[in-house]
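Q: Need the 3D shape of this:
(2 chains)
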Amino acid sequence: MNTANQYLKAIYLVQEIENGPASTGSIAEMLDVSPASANEMVGKLEADGLCAHEKYKGVELTDDGIMRARDALQNYCIIERFLLEVLEVEDFRAEARQLEPVIDETVAERLDTIIDRRPECPDCFDAEADVCALLECDPAD
Amino acid sequence: MYLTYEYATATAPATGRKAMSLQSPVGSDHQLARLLQIGAVLEEVVEARATKHTESDAIDDDVRELLESAAAESERHRKQIDGIIDELDADTIPFDEIQMLVEQQYEAEQDFDGVLYDQLCNEETAYKFYDDLIEAIEQSDGTFSIDRDRLLDTLRTIRAEEEAGVEAVTELMEDGT
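A: The predicted structure follows:
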């Protein structure tokens, strides 16, 4: 997954958590980057028509941005579920975060052929818990 | 659990919520082994799906020959990848486990075009995976317990064979139109 898609996914999740526009501080925090880096990338995404950024209000994804963010989130869900169901990785959230930049959507689609993902994906993703709400796992993991 | 190393993750300071990673995903033996495990599973998926496709009545001898050769090639790649995973002291994923998962989700009775299209996806996916993995290793300044040049040579050879596989399927598709 490329960096732009990771940002779109982060904005989408922050908007969900904050129930409104995403502050660049929260986006930077979620991605563990500096606010300056987040601002720069938000500017690029805005120039590409994927989000709108209003000073003091925050960042909101456009329809195109939402579509790409949801695809990126779906890929992430596939990676998480694959790590847990197939490779039996205990710390699957942390490893999914680490692996997502190098797992392209075509690769995720193929991994998807051997996991049991629900049709409502990615709507079932719990942004706060950083995991699909329907994934059977120990919440303490 | 197939890997047993400790695994550090970044934690966002203010909320304690785990941060995503924009860093290189291949900085340690653990991360390399995990990606290679994914590569091995992809090869297992290709091998199992190509083998299932050979059972289809809808395909001709040329396609059957291509699928058999693709399955054999995937088995060879998987064994090469498994060899590296062994050197990294991580576990490999048994083929019969993946074969069972493929069987559970496999949609039988695919027509000629469906079989070839799926095989094209198999080859393209494998090519894309190795291409991204090679790029990530090239950009990483992490150190591994195995020789980096030998690792990259092996992966580049496999990538070239996947690329040839894409071309072979594309040619068959064009011949069929």
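Q: Please save the CA atoms from the host helix or strand of B:Glu103 in PDB.
A: Element membership of B:Glu103 [criterion: DSSP states H and E] is helix B:95-105. C-alpha atoms of helix B:95-105 as PDB (Å, rounded to 0.1, in the frame of the first residue of the first chain):
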ATOM      1  CA  PHE B  95       1.300 -27.000   2.000                       C
ATOM      2  CA  ASP B  96      -1.600 -29.300   3.000                       C
ATOM      3  CA  GLU B  97      -2.900 -26.600   5.300                       C
ATOM      4  CA  ILE B  98      -3.100 -24.000   2.500                       C
ATOM      5  CA  GLN B  99      -4.400 -26.600   0.100                       C
ATOM      6  CA  MET B 100      -7.300 -27.200   2.400                       C
ATOM      7  CA  LEU B 101      -8.100 -23.500   2.700                       C
ATOM      8  CA  VAL B 102      -8.000 -23.200  -1.100                       C
ATOM      9  CA  GLU B 103     -10.300 -26.200  -1.400                       C
ATOM     10  CA  GLN B 104     -12.800 -24.600   1.000                       C
ATOM     11  CA  GLN B 105     -13.100 -21.400  -0.900                       C
END
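Q: residues in contact with it?
A: For helix B:95-105, contacts defined as CB atoms under 8 Å, 6 or more residues apart in numbering or on different chains pick out A:Val86, A:Thr113, A:Ile114, A:Ile115, B:Val41, B:Glu44, B:Val45, B:Glu47, B:Ala48, B:Arg49, B:Lys52, B:Arg78. All C-beta atoms are positioned from the backbone trio N, CA, C, and that covers glycine.
Q: residue in chain A nearest to chain B?
A: Closest residue of chain A to chain B, CB to the nearest CB: A:Asp32 (3.3 Å).
Q: Tell me which helix or strand the residue nearest to B:Asp131 when sequence neighbours are not counted sits in.
A: Distances taken as CB to CB, 6 or more residues apart in numbering or on different chains place B:Arg159 nearest to B:Asp131, at 6.0 Å, with adjacent residues excluded. Secondary-structure element containing B:Arg159, defined by DSSP H and E: helix B:148-176.
Q: buried set for that helix?
A: By neighbour count with 16 or more other CB atoms under 10 Å in any protein chain shown, helix B:148-176 contains the buried residues B:151, B:154-155, B:158-159, B:161-163, B:165-166, B:168-169, B:172-173.
Q: for stretch B:66-77, same thing?
A: Quick answer for stretch B:66-77 (16+ other CB under 10 Å): B:Leu66, B:Leu67, B:Ala70, B:Ala71, B:Glu73, B:Ser74, B:Glu75, B:His77.
Q: Stretch B:37-56 now?
A: Neighbour counts using 16+ other CB under 10 Å place B:37-54, B:56 of stretch B:37-56 among the buried residues.
Q: just checking, what packs against the helix holding B:Arg159?
A: helix B:61-87, helix B:112-139 (3 or more CB pairs under 8 Å, 6 or more residues apart in numbering or on different chains; DSSP states H and E).
Q: Now with 6 Å, please.
A: helix B:112-139 (3 or more CB pairs under 6 Å, 6 or more residues apart in numbering or on different chains; DSSP states H and E).
Q: relative to helix B:61-87, how tilted is the helix it packs on?
A: On the basis of axes from the mean of the first three to the mean of the last three CA atoms, to 10 degrees, helix B:112-139 is oriented at 30 degrees to helix B:61-87.
Q: Now do the same contact list for A:Met30.
A: By CB atoms under 6 Å, 6 or more residues apart in numbering or on different chains, the residues touching A:Met30 are A:Ala10, A:Val14.
Q: Tell me which residues are up against stretch A:120-132.
A: Outside stretch A:120-132, the residues that touch it by CB under 6 Å, 6+ apart are A:Leu13, A:Glu16, A:Ile17, A:Arg70, A:Leu73, A:Gln74, A:Cys77, A:Arg93, A:Ala133, A:Leu134.
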